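> Any chance you could fold what I've pasted below:
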Amino acid sequence: MSAKPLATNGALGAGGEHLRILVIDDDDIVREVMVDLLKREGHQVSGLPSPIGATKHILDGHVQVVVIDVMMPSMRGDKLAALLSRNPKLKNLGVVLVTGVPTSELESIAEEVNAAAVVEKSELHEQLLPAVWRAVKTRALRLSVPPLNGR
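You can find the predicted model right below:
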């Protein structure tokens with residue numbers, strides 16, 4: 001489940017719009033690196049230092065993709081991703097997990113919480129943008145598939 005490049009049109013989404021992305025990481029430096037990388041690609045990006053208030057921020061800001069650090073002191077990122085995936089209002093949210101440990105250890109967890117990709121912090125410059133596009137693609141597939149049995 002490691003991030004793989006996707007064919008994209010620069011920073012624009014399928015409809016030509018810039019993406020609205022939220023980055024959640026307790027490490028100020030890493031969070032700012034991720035925010036800057038994504039902003040340089042033309043996206044609308046905001047950051048939070050903890051999961052507190054994330055759901056409200058996502059809903060109020062019409063966030064399309066959330067990038068979440070796995071190891072945070074207040075709540076693990078995979079637990080937050082699981083909570084977000086169970087919220088009916090956020091069922092189409094794209095999720096990318098970011099970690100300081102080898103991604104192979106987290107790939108099964110990422111699948112359980114519907115994360116589109118896992119990115120190692122040491123590979124942010126190479127893997128973050130492709131991982132975001134994978135989340136966009138996953139989100140688009142969810143939006144285009146009709147619900148089963150009226151659900």
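> Name the residues of the helix or strand of the chain with the lowest mean pLDDT that come out as buried.
One helix or strand of the chain scores below all others by mean pLDDT, DSSP states H and E: helix 107-112, with a mean of 81. The neighbour-count check on helix 107-112 (16 or more other C-beta atoms under 10 Å) flags 107, 109-110 as buried. (Each C-beta comes from the backbone N, C-alpha and C, glycine too.)
> Stretch 60-79 now?
Within stretch 60-79, judged by 16+ other C-beta under 10 Å, the buried ones are 63-70, 72, 76-78.
> May I have that stretch exported as CSV, CA atoms only?
Taking Å, rounded to 0.1, in the frame of the first residue of the first chain, the C-alpha atoms of stretch 60-79 are listed here in CSV:
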residue,chain,number,x,y,z
ASP,A,60,-16.6,23.3,8.1
GLY,A,61,-13.7,23.5,5.6
HIS,A,62,-15.2,21.0,3.2
VAL,A,63,-11.8,19.1,3.4
GLN,A,64,-11.4,16.5,0.7
VAL,A,65,-8.2,14.8,1.9
VAL,A,66,-6.8,14.5,5.4
VAL,A,67,-3.1,13.6,6.1
ILE,A,68,-2.7,12.2,9.6
ASP,A,69,0.4,11.4,11.6
VAL,A,70,0.1,7.9,13.1
MET,A,71,2.1,8.5,16.3
MET,A,72,0.6,11.4,18.2
PRO,A,73,0.3,11.7,22.0
SER,A,74,-3.4,12.4,22.3
MET,A,75,-4.7,9.8,19.9
ARG,A,76,-3.0,7.6,17.3
GLY,A,77,-3.6,8.6,13.8
ASP,A,78,-5.0,5.3,12.7
LYS,A,79,-7.6,5.5,15.5
